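Undergrad: sequence plus the predicted model coming up.
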Amino acid sequence: MGLDLQRVNALLPADATGAFVAIQAAINQFQGEAQLFAAILTFAVIAAIALFLPIYLRFVLSIRDAPQRFFLVATFVIWSLSITAEAHFTNVFDAIGIGDAEPFFIVVLRVVVLFWTFLVLPIAAAYVHSQMQPSPVPPVQPAGGGF
(Lines give C-alpha, C1' and ligand atoms only; values in the text may rest on other atoms or scores of the structure.)
Protein backbone atom coordinates (compact mmCIF):
# COMPACT_ATOMS: atom_id res chain seq x y z
CA MET A 1 0.00 0.00 0.00
CA GLY A 2 1.59 3.27 -1.15
CA LEU A 3 1.42 6.65 0.47
CA ASP A 4 -1.68 8.48 -0.69
CA LEU A 5 -0.48 12.10 -0.86
CA GLN A 6 -3.96 13.46 -1.39
CA ARG A 7 -5.04 11.71 1.80
CA VAL A 8 -2.05 13.04 3.77
CA ASN A 9 -2.61 16.59 2.49
CA ALA A 10 -6.22 16.32 3.60
CA LEU A 11 -5.17 15.49 7.18
CA LEU A 12 -2.12 17.63 7.91
CA PRO A 13 -2.25 21.42 7.68
CA ALA A 14 1.39 21.60 6.60
CA ASP A 15 1.17 25.07 5.09
CA ALA A 16 -0.32 26.57 8.28
CA THR A 17 2.20 24.72 10.46
CA GLY A 18 5.02 25.88 8.16
CA ALA A 19 3.85 29.48 8.44
CA PHE A 20 3.72 29.14 12.23
CA VAL A 21 7.24 27.68 12.40
CA ALA A 22 8.57 30.56 10.25
CA ILE A 23 6.89 33.17 12.45
CA GLN A 24 8.03 31.29 15.56
CA ALA A 25 11.66 31.50 14.39
CA ALA A 26 11.38 35.29 14.28
CA ILE A 27 9.62 35.46 17.66
CA ASN A 28 12.32 33.32 19.28
CA GLN A 29 14.82 36.13 18.71
CA PHE A 30 13.41 37.99 21.73
CA GLN A 31 15.71 37.78 24.76
CA GLY A 32 15.58 38.71 28.45
CA GLU A 33 12.61 40.80 29.55
CA ALA A 34 10.94 40.46 26.15
CA GLN A 35 10.50 36.68 26.52
CA LEU A 36 7.09 37.08 28.17
CA PHE A 37 6.06 39.30 25.25
CA ALA A 38 7.36 36.61 22.88
CA ALA A 39 5.27 33.98 24.65
CA ILE A 40 2.12 36.09 24.46
CA LEU A 41 2.84 36.90 20.82
CA THR A 42 3.29 33.20 20.07
CA PHE A 43 -0.14 32.36 21.53
CA ALA A 44 -1.67 35.29 19.62
CA VAL A 45 -0.16 33.97 16.37
CA ILE A 46 -1.57 30.48 17.08
CA ALA A 47 -5.00 31.99 17.74
CA ALA A 48 -4.87 34.19 14.61
CA ILE A 49 -3.85 31.32 12.34
CA ALA A 50 -6.51 29.07 13.90
CA LEU A 51 -9.17 31.73 13.27
CA PHE A 52 -8.23 32.26 9.63
CA LEU A 53 -7.34 28.66 8.80
CA PRO A 54 -10.96 27.51 8.14
CA ILE A 55 -11.38 30.31 5.60
CA TYR A 56 -8.08 29.40 3.93
CA LEU A 57 -9.00 25.71 3.88
CA ARG A 58 -12.43 26.39 2.41
CA PHE A 59 -11.62 28.97 -0.24
CA VAL A 60 -7.98 28.33 -1.16
CA LEU A 61 -7.69 24.57 -0.71
CA SER A 62 -11.39 23.95 -1.54
CA ILE A 63 -12.03 21.69 1.46
CA ARG A 64 -15.80 21.78 1.66
CA ASP A 65 -16.26 19.26 4.44
CA ALA A 66 -16.75 21.21 7.72
CA PRO A 67 -15.69 18.33 10.03
CA GLN A 68 -12.48 17.97 8.04
CA ARG A 69 -11.77 21.71 8.37
CA PHE A 70 -12.41 21.51 12.12
CA PHE A 71 -10.07 18.54 12.37
CA LEU A 72 -7.33 20.40 10.51
CA VAL A 73 -7.66 23.46 12.76
CA ALA A 74 -7.55 21.25 15.87
CA THR A 75 -4.50 19.43 14.48
CA PHE A 76 -2.75 22.75 13.84
CA VAL A 77 -3.46 24.02 17.38
CA ILE A 78 -2.31 20.79 19.03
CA TRP A 79 0.89 20.57 17.01
CA SER A 80 1.76 24.27 17.29
CA LEU A 81 1.29 24.19 21.07
CA SER A 82 3.46 21.10 21.19
CA ILE A 83 6.17 22.77 19.09
CA THR A 84 6.31 25.83 21.33
CA ALA A 85 5.45 24.32 24.71
CA GLU A 86 8.80 24.21 26.41
CA ALA A 87 10.03 27.48 24.90
CA HIS A 88 7.18 29.70 26.05
CA PHE A 89 4.98 28.05 28.67
CA THR A 90 7.58 28.64 31.39
CA ASN A 91 7.40 32.41 30.87
CA VAL A 92 3.61 32.50 30.86
CA PHE A 93 3.18 30.19 33.85
CA ASP A 94 5.76 32.12 35.86
CA ALA A 95 4.09 35.43 34.96
CA ILE A 96 0.68 34.30 36.19
CA GLY A 97 2.12 32.64 39.29
CA ILE A 98 1.58 28.97 38.49
CA GLY A 99 5.09 28.01 37.46
CA ASP A 100 4.77 24.71 39.35
CA ALA A 101 2.00 23.57 36.98
CA GLU A 102 4.18 23.79 33.87
CA PRO A 103 5.68 20.25 33.98
CA PHE A 104 2.20 18.75 34.44
CA PHE A 105 0.80 20.80 31.56
CA ILE A 106 3.66 19.82 29.24
CA VAL A 107 3.17 16.12 30.08
CA VAL A 108 -0.57 16.43 29.42
CA LEU A 109 0.16 18.17 26.11
CA ARG A 110 2.54 15.39 25.07
CA VAL A 111 -0.10 12.77 25.92
CA VAL A 112 -2.68 14.69 23.90
CA VAL A 113 -0.30 14.78 20.91
CA LEU A 114 0.26 11.01 21.17
CA PHE A 115 -3.48 10.37 21.56
CA TRP A 116 -4.22 12.64 18.59
CA THR A 117 -1.54 11.04 16.41
CA PHE A 118 -2.19 7.38 17.16
CA LEU A 119 -5.95 7.32 17.73
CA VAL A 120 -7.71 10.38 16.32
CA LEU A 121 -5.60 10.69 13.16
CA PRO A 122 -6.31 7.11 11.96
CA ILE A 123 -10.03 7.61 12.59
CA ALA A 124 -9.96 10.88 10.64
CA ALA A 125 -7.93 9.22 7.87
CA ALA A 126 -10.59 6.54 7.52
CA TYR A 127 -13.30 9.20 7.40
CA VAL A 128 -11.50 11.31 4.77
CA HIS A 129 -10.68 8.21 2.73
CA SER A 130 -14.34 7.16 2.77
CA GLN A 131 -15.31 10.64 1.58
CA MET A 132 -12.81 10.43 -1.30
CA GLN A 133 -14.13 7.13 -2.64
CA PRO A 134 -16.35 7.59 -5.69
CA SER A 135 -19.95 6.70 -5.17
CA PRO A 136 -20.98 3.49 -6.91
CA VAL A 137 -22.83 4.22 -10.11
CA PRO A 138 -26.06 2.26 -10.43
CA PRO A 139 -26.33 0.19 -13.61
CA VAL A 140 -28.18 1.87 -16.45
CA GLN A 141 -31.40 0.15 -17.39
CA PRO A 142 -32.07 0.12 -21.12
CA ALA A 143 -35.14 2.09 -22.17
CA GLY A 144 -37.99 0.19 -23.75
CA GLY A 145 -37.23 -3.28 -22.41
CA GLY A 146 -34.08 -4.01 -24.39
CA PHE A 147 -33.37 -7.28 -26.22
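TA: Sure, I can see it. Residues are numbered from 1 along each chain as shown.
Undergrad: longest helix in the protein, by residue count?
TA: Criterion DSSP state H: the longest helix present in the chain is helix 66-95.
Undergrad: contacts for the very next helix or strand once past that helix, please.
TA: Scanning forward in sequence from helix 66-95 by DSSP states H and E, the next helix or strand is helix 102-115. Counting by CB atoms under 8 Å, 6 or more residues apart in numbering, helix 102-115 makes contact with I78, W79, L81, S82, A85, E86, F89, T90, F93, all of which sit outside it. Backbone N, C-alpha and C define where each C-beta goes, glycine included.
Undergrad: and the first one, how far from V111?
TA: Between I78 and V111 the distance, using CB to CB, to the nearest Å, works out to 11 Å.
Undergrad: the second one now?
TA: Taking CB to CB as the measure, W79 and V111 are separated by 14 Å.
Undergrad: neighbour count winner among these two?
TA: A count of neighbours by other CB atoms under 10 Å puts W79 above the other of W79 and V111, at 19 against 10.
Undergrad: okay, the angle between the helix or strand F43 falls within and helix 66-95?
TA: Here F43, judged by DSSP H and E, is contained in helix 35-59. Using axes from the mean of the first three to the mean of the last three CA atoms, to 10 degrees, the inter-axis angle of helix 35-59 relative to helix 66-95 is 180 degrees.
Undergrad: give me the mean pLDDT for helix 35-59.
TA: What helix 35-59 shows for mean pLDDT is 89.
Undergrad: what is that helix packed up against?
TA: Under the contact criterion of 3 or more CB pairs under 8 Å, 6 or more residues apart in numbering; DSSP states H and E, helix 35-59 touches helix 14-27, helix 66-95.
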